[in-house]
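In: dropping a prediction and its sequence here:
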Amino acid sequence: MLLSIKQKFMQSEIVFQNEKAVDRRRGEEGFSVFEIIVAMVIFLGVTASIWGLLRVALLGREATSQNTQLTKTVRLGLNLVGRDTYNAGLGYPVSSTVVLPDNRISNLLGIPVDVDTSRDTVPPIITGNNITLNTFNTVAGVRTDQVTFLFKDTTFNLLPNAAPPDERVPQPLSINAATTTAGIDEIVPISGSNTVCRVNDMYLITGNTGSTIGLATALSGADKVQFSNGDVLGLNQTGATGPLSGITTPASMQRIQMVTYFVTADGTLTRRQYANVPPAIPVVGWVDEPLVYGVENFQIQYVMNNGTLSDNPSAGPDGIAGNGDDTQANLAEVRQVRYTISVRSTEEGADNRPYRETMTSTFSTRNLGYEAN
């Protein structure tokens, strides 16, 4: 009996210990499936929110980067346009006394020709309204503007020779009156030397009776500069009927720059410099420098001396170039030039649309307000 009681006591103790072990294991149990699912949903929600914020920030940064790049490119292009706008008319006759054979400049620049057959005057700024069809623009039929500037080359005939390079001043080269030999106009500088002159350079020849523009086609000997027909720009007309033969002494010649800003059909804003690129580069007469790609539109307006705004000052009252009311003299009254350029990137944003930027800048034509020396 005693043994029986002892066995029962031991059995009770074992049961008690097992219950304590079971209770201990129950306190150490993991999460239930439901709890795990809830935790995962919460985690995914928080992760999605963070990713959304990061995605928005990334897209915003990408858009800002693209727009900044577009803006930077456009500004660089406009800065160069502005520099040449400031220079327009520097050292160049403003009062429309520079003459060339009929329609030589119009044909060169691709702008409407005039209705008469007389010689044309060549102002220091030449406008071109709605000249080039822009096929890069998604809107059909958009045409872009162009503008041309003429001004003296400040690197020509620097004097005095003894001075440091940065202290030398460009001076016109004094010349004798032109003579025609074997169908070629020749000019002999009074100094008796043609060393400062170059073939394929564009010169403004000025005398007592007016001015003209000529393209040097050859240097003869050590003292002659020749201007023959058939130059790469088609400007020269030699002999008694040509404008160079009418220039009387005292006379001078100086190298000039002529540049045109235009947009190609595929949307590239381009700076075209005519001639002045020796020795043999000007096979077609000019060198093109691409400035801004992806141009959808390029529009130019002109602020006149009386404060009015014009799309084409030389077109006359009807605003249409190439007819009888064209007034070339109005171009000397331009005081500011306003450029508006619209560009489009080739990359697309999160909305599957390309980045676009439009910028407007206005520059002064500071050299057109007075007669150049």
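Out: Ah, there it is.
In: how about stretch 71-89: buried residues?
Out: 73-74, 77-78, 80-82, 84-89 (16 or more other CB atoms under 10 Å). The C-beta positions use only the backbone N, C-alpha and C, and glycine is treated the same way.
In: which strand or helix spans the residue lying closest to Asp311 once chain neighbours are set aside?
Out: Using CB to CB, 6 or more residues apart in numbering and skipping the chain neighbours, the partner closest in space to Asp311 is Asn129 (5.2 Å). According to DSSP states H and E, Asn129 maps onto strand 125-133.
In: list the strands paired with that strand, with their directions.
Out: Note on strand 125-133: by DSSP bridges, its sheet partners are strand 143-152 (antiparallel).
In: tell me the mean pLDDT over the partner strand?
Out: For strand 143-152, mean pLDDT is 97.
In: packing partners of the next helix-or-strand element following it?
Out: Next in sequence after strand 143-152, counting helices and strands by DSSP H and E, comes strand 158-159. Using 3 or more CB pairs under 8 Å, 6 or more residues apart in numbering; DSSP states H and E, the elements in contact with strand 158-159 are strand 169-170.
In: quick one: strands adjacent to the strand it packs on?
Out: Strand 169-170 is paired, per DSSP bridges, with strand 158-159 (antiparallel).
In: run the chain-centre distance for the partner strand.
Out: 31 Å (CA atoms, centre = their mean, to the nearest Å).
In: sorry, back to before: just the pLDDT for the residue nearest to Asp311.
Out: pLDDT, Asn129: 96.
In: cool, and Cys197?
Out: The model's pLDDT for Cys197 equals 95.
In: now do Gly319
Out: On the pLDDT scale, Gly319 is placed at 85.
In: ok, it - how many residues close by?
Out: 12 (other CB atoms under 10 Å).
In: which of the three states applies to it?
Out: coil (DSSP: H, G, I helix; E, B strand; the rest coil).
In: one more: the one 10 residues further on?
Out: Remark: Ala329 carries the secondary structure label helix [criterion: three-state DSSP].
In: quick revisit: OK, contacts around the residue nearest to Asp311?
Out: Asp145, Ile300, Asp311, Asn312, Ala315, Ala321 (CB atoms under 8 Å, 6 or more residues apart in numbering).
In: the same query, at a cut-off of 7 Å, please.
Out: Shown in contact with Asn129 (CB atoms under 7 Å, 6 or more residues apart in numbering): Asp145, Asp311, Asn312, Ala315, Ala321.
In: now Gly316
Out: Applying CB under 7 Å, 6+ apart to Gly316 gives the contacts Asp325, Asp326, Thr327.
In: can you pull the buried residues of the strand holding Asn129?
Out: Ile125, Ile126, Thr127, Gly128, Asn129, Ile131, Thr132.
In: just stretch 238-252 next, same as before
Out: For stretch 238-252, burial by neighbour count (16+ other CB under 10 Å) applies to Thr238, Gly242, Pro243, Leu244, Ser245, Gly246, Ile247, Ala251, Ser252.
In: keeping just the C-alphas, turn it into CSV.
Out: Extracted C-alpha coordinates of stretch 238-252, given in CSV (Å, rounded to 0.1, in the frame of the first residue of the first chain):
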residue,chain,number,x,y,z
THR,A,238,33.8,92.9,-113.1
GLY,A,239,34.4,95.5,-115.8
ALA,A,240,32.8,98.8,-116.6
THR,A,241,29.3,97.7,-115.6
GLY,A,242,30.3,96.3,-112.3
PRO,A,243,30.0,98.2,-109.0
LEU,A,244,33.8,98.1,-108.2
SER,A,245,34.7,100.2,-111.3
GLY,A,246,32.6,103.0,-109.9
ILE,A,247,34.5,103.4,-106.6
THR,A,248,36.7,106.5,-106.8
THR,A,249,39.6,107.5,-104.6
PRO,A,250,40.3,108.2,-101.8
ALA,A,251,39.3,104.6,-101.2
SER,A,252,39.9,101.8,-98.8
